[in-house]
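Asks: One predicted model, sequence on top.
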Amino acid sequence: MNRSLLVVDGDSFAHRSYHALPKSIRRRGDRGAGAIVGFANFLLRLYTQERPRAVLVGWDTLEAPTYRHRALPGYQGGRVFDAELLDQLAVLPHLVAACGFAYAKAPGYEADDFLAAAVAQEERRGGTAVVASGDRDAFQLASGSTTILQPVRAGEMARIGPAEVRERYGVEPRQVPDFIALRGDSSDKIPGAKGVGPRSAASLLRRYGSLEAALEQGRFANQAEELRLYRAIATMDASAPLPSLGDQTPTWREAAALAREWELNRLADRLELIARTDASAST
């Protein structure tokens with residue numbers, strides 16, 4: 001069976017878990033654990049659903065700025081994270097590794113960049129990829145070989161391919177960075193073109209084909225360099241460094257041992273059950 005590579009935006013789902021689960025969930029040393037438990041449950045559910053050949057989880061390096069922050073000083077401005085969330089983000093990659101999965105985290109790169117790099121590598125080798133992200137920037141990765149999983153409500157994920165991107169945005173996946181540059185992105189503090197909203201951004205791209213073509217025709221002459229910068233910021237960097245992404249065999253018992261060490265016993269029990277189930281299925 002030709003199984004897909006599963007690529008996950010770790011920060012996206014860790015943040016969701018942190019805000020969705022009660023802060024009363026604690027681990028050893030009376031430290032927060034809601035993001036850990038929620039993310040682990042999500043990852044296990046996703047793995048069971050997709051049965052991928054391998055998993056890569058991408059992470060931001062929050063303490064180090066990227067070229068995006070240097071190029072646009074207001075980029076992602078105003079974001080403040082609770083200390084308990086930061087503490088859990090720091091240890092979650094260890095849980096991913098204990099499961100036998102790969103993770104990518106490096107100064108100067110965002111989780112999005114690792115997603116793009118993994119998809120590009122998988123498509124070059126003739127494989128397929130499934131990308132789980134709560135960030136619609138990931139729509140630029142949709143193709144005949146790559147599907148985006150986007151959370152729409154608790155426990156439900158929408159499957160997004162090129163047709164769904166066209167339906168939602170009115171543009172092709174490859175045009176998504178141009179679309180973001182024109183429309184702007186309030187969550188990332190990308191201003192966009194003056195007076196341009198989603199509909200007019202899509203209309204411009206259908207007419208001209210690309211932001212660059214519109215600029216060459218004299219549109220937005222006073223904002224041309226700014227818009228090129230916004231497009232560069234919205235484009236995921238597929239040159240981000242990756243670990244080896246060969247086929248993986250999950251190591252659920254190692255993950256269970258780590259969860260037990262953290263005194264997250266219900267999570268440990270679930271991981272041990274999955275380990276026993278998988279062992280029985282392989283005999």
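Replies: Everything's here; your move. Numbering: from 1, shown residues only.

Asks: which secondary element of this protein has the worst mean pLDDT?
Replies: Taking all helices and strands of the chain together, the one with the lowest average confidence (mean pLDDT, DSSP states H and E) is helix 67-71, at a mean of 89.

Asks: Let me see the contact set for Arg159.
Replies: Applying Cβ atoms under 8 Å, 6 or more residues apart in numbering to Arg159 gives the contacts Thr147, Ile148, Leu149. Using the backbone N, CA and C atoms, a C-beta is placed for each residue, glycine as well.

Asks: Just among those residues, which is most surrounded?
Replies: Top of the contacts of Arg159 by neighbour number is Ile148, holding 28 neighbours under the definition other Cβ atoms under 10 Å.

Asks: Who does that one form a beta bridge with?
Replies: With DSSP bridges as the criterion, Ile148 is bridged to Val131, Ile160.

Asks: ranges for the strands of the stretch 101-250 of the chain?
Replies: 102-104, 129-132, 146-153, 156-160 (DSSP state E, counting those that start in this stretch).

Asks: how big is the angle separating the third one from strand 156-160?
Replies: Spelled out, that is strand 146-153. Regarding strand 146-153 and strand 156-160, their directions subtend 150 degrees when assessed with axes from the mean of the first three to the mean of the last three Cα atoms, to 10 degrees.

Asks: Could I get the average pLDDT for strand 146-153?
Replies: In this model, strand 146-153 carries a mean pLDDT of 94.

Asks: And the first one, by the same measure?
Replies: Averaging pLDDT along strand 102-104 yields 98.

Asks: Summarise which helices and strands it is packed against.
Replies: Contact analysis of strand 102-104 by 3 or more Cβ pairs under 8 Å, 6 or more residues apart in numbering; DSSP states H and E lists strand 54-58, helix 83-98, helix 111-124 as its packing neighbours.

Asks: what are the pairing partners of the first one, and which direction each?
Replies: This means strand 54-58. strand 5-9 (parallel), strand 102-104 (parallel).

Asks: what's it in contact with?
Replies: By Cβ under 8 Å, 6+ apart, strand 54-58 touches 5-11, 43, 47, 93, 96, 99, 101-105, 110-115, 118, 242-243, 245-248.

Asks: Also the last one?
Replies: Taking contacts as Cβ under 8 Å, 6+ apart, the residues outside helix 111-124 that touch it are 4-5, 7, 9-12, 56, 58-60, 104-105, 128-129, 131, 133, 135, 137-138, 140-141, 143, 145-146, 236-242, 245.

Asks: give me the number of residues near the closest residue in space to Phe114 that isn't next to it in sequence?
Replies: If you skip the residues right next to it in sequence, Phe114 has Gly58 as its closest partner in space, 3.3 Å away by Cβ to Cβ, 6 or more residues apart in numbering. The local packing count at Gly58 equals 29, with neighbours defined by other Cβ under 10 Å.

Asks: And the pLDDT for Gly58?
Replies: Predicted confidence (pLDDT) for Gly58: 98.

Asks: got it, and Val80?
Replies: 83.

Asks: now Leu21
Replies: Looking at Leu21 specifically, the model assigns a pLDDT of 96.

Asks: for it, what are its contacts?
Replies: Residues counted as contacts of Leu21 (Cβ under 8 Å, 6+ apart) are Gly34, Ala35, Val37, Gly38.

Asks: rerun that using 7 Å as the cut-off
Replies: Shown here is Leu21, whose contacts under the criterion Cβ atoms under 7 Å, 6 or more residues apart in numbering are Gly34, Val37, Gly38.

Asks: Repeat that for Leu43.
Replies: Taking Cβ under 7 Å, 6+ apart as the criterion, Leu43 is in contact with Val8.

Asks: what does Arg253 give?
Replies: Contact criterion Cβ under 7 Å, 6+ apart gives Glu272, Ala275 as the residues in contact with Arg253.
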